[in-house]
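> Take this sequence and fold it.
(2 chains)
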Amino acid sequence: MSLKLEQVSLVHPNGCRAVSGISLRVDASERVAVIGPSGAGKTTLLRLLATALRPTSGELNVLGVDPWRLNRAALRRLRARIGMVHQAPPIPLRQRVVTAVLGGRLGSWPLWKALASLAYPVDIIGARAMLERMEIGDKLFERCDRLSGGQLQRVGVARVLYQLPDLFLTDEPVSAVDPALSDRVIGELNRDAQARGVTLIASLHAVDLALHWFPRIVGIRGGEIMFDLPPVRISDDMLRDLYASESAVVPTQTNLPLNVPASGIRRKPLCS
Amino acid sequence: MVSWVKRDANSITHDPAALPRFALATLLLILLWPGIQLTEFDPGVLFDPRNRETMGRFLGTFLPLALSGEFLRLVIKSTLETLAIATAGMTFAFVIAAPLSLLITRSLSIARIGPGPGLWLGRLLRIPVRFTLMLFRSVPEIVWALLFVRAVGLGPAAGVLAIGITYGGMLGKVYAEIFESGDTRPTIALLESGGGHIAAFMYGMLPVALPELVSYTVYRWECAIRASVIMGFVGAGGLGMQMELSMRMLNGGEVSTMLLVFLLLVVLADGISASLRKVIG
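Residues are numbered from 1 along each chain as shown, chains lettered A, B, ... in the order given. As a prediction, the model looks like this:
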């Protein structure tokens, strides 16, 4: 069991209830996409799993432990095993790409190694390999403020790939990346998770990406789980209901209507 | 569904922040008035005929500048001494401020995420550190200088210690504020993925804060030059000591020459700050 949530709720200090009584179980090496309209609680759910937020109530179990019962050292070790890709890449713009990627292992490196790497990058080959998987290997020694939004977002993904986490959490990791590359990035994340047998939870804005890549889809709205099904069992009506508040348009990468056979089985390859 | 405990934001038609803002502005004005009264601030005094005459006579002696070789050599020697006091003092201040500012920066707190274990311990530990910084900067450098002149004797060492302690207190406080005012998401993201305080600071916070840190530090170095001059008046060496002698003898030419040197030092500090910022980008 990789993740277990039992009636987990989170109420923000301003009284806003972001996640409300969510129960969810995810096994090791499962790959789950979380979809839903903006403000549905996707980010909050991921941040709860990343141990960045503490649930107001309910039981949470991440990688076999209750993070909020751990002592400081154990909690840090747990966090080093969780890789979170943020929607807005939290990377200082004045930093070089190589440093930003190597920063992914700060949780497992001893301090001397982290400091030595600032003087001279300790793993240029490793950083380049991850960037090449994101098709930005040539940006290794660029400063992050010279990159486009989409490139920077891929640096953020490369950093988390370099972290080699036991749990991937990605919060709209391709919101600034164009469709063809989005497919590549989500594909790489899926391949990495499958190859290493680790869990991948991705919140995605584009529903077609989610249905294409993930064997399990969780739809959330208003902080509650609306459905938790494999893509073949999700009907157009379910999606329309999920996005009912967003002018009833189901978001896709190209903003074109979701193109699926009448049977409701979605196996159409995105890029052939 | 998203539920709100507070009033529905859609039903508010006026700016809810207007009243507090107006009240604060009024309060500030009310507080300012007694300040003007207390300090007996009256620009008219400047134009009183008697004061004008005394001041005019002293200012009249400012020209020509004192440029004799012997005096210039003395000025150069004192200037170097002043620069040395300011620089050594700033180094000392930096050594005090750097670790203490990290200790009181809230965004570097791992326990704050969640919040997790050790939150109260961290908050408790920050209080004495904050207090130490306040103590250091609450005593003016001239008072520290007078103290140290008694402890280590007349000369530059007292100035270095005085600047080090007062400026250590100031730098520590302002560094922490610079760290907090920048984008702290990179730092917090690193802490959230298991990074330690120092590693997260070096990879997430320093790159964000560096230009502000450099320009504030160089500006403080400029202030330290002026402070070391003032401390020269109480015997801590440097240009200040020379300045006091010339002032006491009402030798305007010498005073104006040294004021010109001050101007050059400020220009120098400004240039250093600008070029350092350009390098960092």
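> Okay, residue A:90 and residue A:139: tell me how far apart.
18 Å (C-beta to C-beta, to the nearest Å). Just so you know, the C-beta spots here come from the backbone N, C-alpha and C atoms, and that holds for glycine as well.
> So which bits of stretch A:24-31 are buried?
Across stretch A:24-31, burial judged by 16 or more other C-beta atoms under 10 Å in any protein chain shown covers A:24, A:26, A:30, A:31.
> That one: end-to-end distance?
Distance between the two ends of stretch A:24-31: 13 Å, counting by C-alpha to C-alpha, to the nearest Å.
> Can you tell me what sits against that stretch?
By C-beta atoms under 8 Å, 6 or more residues apart in numbering or on different chains, the residues outside stretch A:24-31 that reach it are A:1-5, A:32, A:190, A:193-194, A:197-202, A:213-216, A:218, A:225, A:228.
> can you rerun that using 6 Å?
A:2, A:3, A:4, A:5, A:32, A:193, A:197, A:199, A:200, A:214 (C-beta atoms under 6 Å, 6 or more residues apart in numbering or on different chains).
> One more: stretch A:178-193?
For stretch A:178-193, the surrounding residues in contact (C-beta under 6 Å, 6+ apart) are A:31, A:133, A:157, A:161, A:168, A:174, A:200, A:209, A:213, A:253-254, A:270-271.
> Make JSON lines from the buried residues of stretch A:24-31 and add secondary structure to it.
Formatted as JSON lines, the buried residues of stretch A:24-31 follow (DSSP: H, G, I helix; E, B strand; the rest coil):
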{"residue": "A:24", "secondary structure": "strand"}
{"residue": "A:26", "secondary structure": "strand"}
{"residue": "A:30", "secondary structure": "coil"}
{"residue": "A:31", "secondary structure": "strand"}
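> need the contact list for the closest residue to chain B within chain A.
Scanning chain A for the residue nearest chain B gives residue A:107, at 2.6 Å (criterion: C-beta to the nearest C-beta). By C-beta under 6 Å, 6+ apart, the residues touching residue A:107 are A:80, B:193, B:194, B:195.
> Tell me which two in those residues are the farthest apart.
A:80 and B:195 (8.1 Å; C-beta to C-beta).
> Which residue is the nearest non-sequential neighbour of residue 166?
You didn't pick a chain, so chain A it is. Take residue A:166 and drop its neighbours on the chain: the residue closest to it by C-beta to C-beta, 6 or more residues apart in numbering or on different chains is residue A:81, 4.4 Å away.
> try chain B instead
In space, residue B:166 is closest to residue B:141, 4.1 Å off (C-beta to C-beta, 6+ apart).
> isn't that neighbour right up against residue B:226?
No - using C-beta atoms under 6 Å as the test, residue B:141 is too far from residue B:226 to be in contact (10.3 Å).
> higher neighbour count, those two?
Neighbour count, other C-beta atoms under 10 Å in any protein chain shown: between residue B:141 and residue B:226, residue B:141 has more, with 26 against 16.
> Burial check on residue A:87, number of neighbours?
19.
> which of the contacts of residue A:107 lies closest to residue B:271?
Of those, the one sitting nearest to residue B:271 (C-beta to C-beta) turns out to be residue B:195, at 37.1 Å.
> Which element, helix or strand, includes the closest one?
Of the helices and strands defined by DSSP states H and E, none includes residue B:195.
> now do the one 3 residues further on
Using DSSP H and E, residue B:198 sits in helix B:197-200.
> Can you list the buried residues in that helix?
The neighbour-count criterion (16+ other C-beta under 10 Å) identifies B:197, B:199, B:200 as the buried residues of helix B:197-200.
> near chain A too, which of the residues you listed?
residue B:199 (C-beta under 6 Å from any C-beta of the partner chain).
> Can you tell me what sits against stretch B:193-210?
By C-beta under 6 Å, 6+ apart, the surrounding residues in contact with stretch B:193-210 are A:76, A:79-80, A:92, A:94-95, A:103, A:106-107, A:111, A:114, A:118, B:108, B:178-179, B:182-183, B:186-187, B:190-191, B:280.
> and the residue of the stretch 51-200 of chain B nearest chain A?
The nearest approach of the stretch 51-200 of chain B to chain A comes at residue B:194, 2.6 Å away (C-beta to the nearest C-beta).
> Quick check on that residue: phi, psi?
Per-residue torsions, residue B:194: phi 90, psi 10 (degrees, to the nearest 10).
> where does the closest residue to it other than its chain neighbours land in three-state SS?
Nearest residue to residue B:194, sequence neighbours excluded (C-beta to C-beta, 6+ apart): residue A:107, at 2.6 Å. Here residue A:107 is recorded as coil under three-state DSSP.
> Next one, pLDDT for residue A:107 please.
On the pLDDT scale, residue A:107 is placed at 93.
> repeat for residue A:261
43.
> follow-up on the earlier one: residue A:80 and residue B:195: which is more packed in?
Counted by other C-beta under 10 Å, residue A:80 and residue B:195 do not tie: residue B:195 has more neighbours, with 30 against 21.
> Look up how far residue A:66 lies from the more buried one.
Between residue B:195 and residue A:66 the distance, using C-beta to C-beta, works out to 22 Å.
> Strands of the stretch 51-200 of chain A, residue ranges please.
Counting by DSSP state E, counting those that start in this stretch, the stretch 51-200 of chain A has these strands, from start to end: A:57-62, A:82-85, A:167-171, A:199-203.
> List the strands paired with the shortest one, with their directions.
Think strand A:82-85. The strands beside strand A:82-85 in its sheet (DSSP bridges) come out as strand A:167-171 (parallel).
> Can you show me the CA trace of the strand it pairs with as CSV?
Taking Å, rounded to 0.1, in the frame of the first residue of the first chain, the C-alpha atoms of strand A:167-171 are listed here in CSV:
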residue,chain,number,x,y,z
LEU,A,167,6.2,8.6,-4.9
PHE,A,168,5.7,11.0,-7.8
LEU,A,169,3.2,13.8,-7.3
THR,A,170,2.8,16.1,-10.2
ASP,A,171,0.5,19.1,-10.1
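> starting at the chain centroid, how far to it?
3 Å (C-alpha atoms, centre = their mean, to the nearest Å).
> Mind listing residues that contact that strand?
Taking contacts as C-beta under 6 Å, 6+ apart, the residues outside strand A:167-171 that touch it are A:43, A:46, A:49-50, A:63, A:82-87, A:193, A:199-203.
> confidence score at residue B:118?
Confidence score, pLDDT, at residue B:118: 83.
> check contacts around it.
Applying C-beta under 6 Å, 6+ apart, the residues near residue B:118 are A:72, B:111.
> mind checking how far it is from residue B:191?
13 Å.
> And for residue B:147?
41 Å.
> need the residues of the stretch 1-150 of chain A near chain B, please.
A:15, A:17, A:52, A:54, A:71-72, A:75-76, A:79-80, A:90-92, A:94-95, A:103, A:106-107, A:111, A:114, A:118.
> now with 7 Å?
A:14-17, A:39, A:50-52, A:54, A:68, A:71-72, A:75-77, A:79-80, A:82-84, A:86, A:90-92, A:94-95, A:99, A:103, A:106-107, A:111, A:114-115, A:118 (C-beta under 7 Å from any C-beta of the partner chain).
> any idea which element the closest residue to residue B:171 other than its chain neighbours lies in?
In space, and not counting its chain neighbours, residue B:171 is closest to residue B:97: 3.5 Å by C-beta to C-beta, 6+ apart. For residue B:97, the element it lies in under DSSP H and E is helix B:69-104.
> Show me which residues of that helix are buried.
So for helix B:69-104, counting by 16+ other C-beta under 10 Å, buried means B:71, B:74-75, B:78-79, B:81-90, B:92-94, B:96-97, B:100-104.
> again, but for stretch A:173-192
For stretch A:173-192, the neighbour count (16+ other C-beta under 10 Å) marks A:173-177, A:179, A:181-190, A:192 as buried.
> How far off centre is it?
With C-alpha atoms, centre = their mean, you get 11 Å for stretch A:173-192.
> Just the CA coordinates for that stretch, please, in CSV.
Provided in CSV are the C-alpha atoms of stretch A:173-192 (Å, rounded to 0.1, in the frame of the first residue of the first chain):
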residue,chain,number,x,y,z
PRO,A,173,3.1,19.4,-14.8
VAL,A,174,2.5,20.4,-18.4
SER,A,175,0.2,23.5,-18.0
ALA,A,176,2.7,25.7,-19.9
VAL,A,177,4.0,23.0,-22.3
ASP,A,178,2.6,22.7,-25.9
PRO,A,179,0.5,19.5,-26.7
ALA,A,180,3.1,17.4,-28.5
LEU,A,181,5.7,18.0,-25.7
SER,A,182,3.1,17.5,-23.0
ASP,A,183,2.6,14.0,-24.3
ARG,A,184,6.3,13.4,-24.2
VAL,A,185,6.6,14.7,-20.6
ILE,A,186,3.7,12.8,-19.2
GLY,A,187,5.0,9.7,-21.1
GLU,A,188,8.4,10.1,-19.5
LEU,A,189,6.9,10.3,-16.1
ASN,A,190,4.8,7.2,-16.7
ARG,A,191,7.8,5.3,-18.1
ASP,A,192,10.0,6.3,-15.1
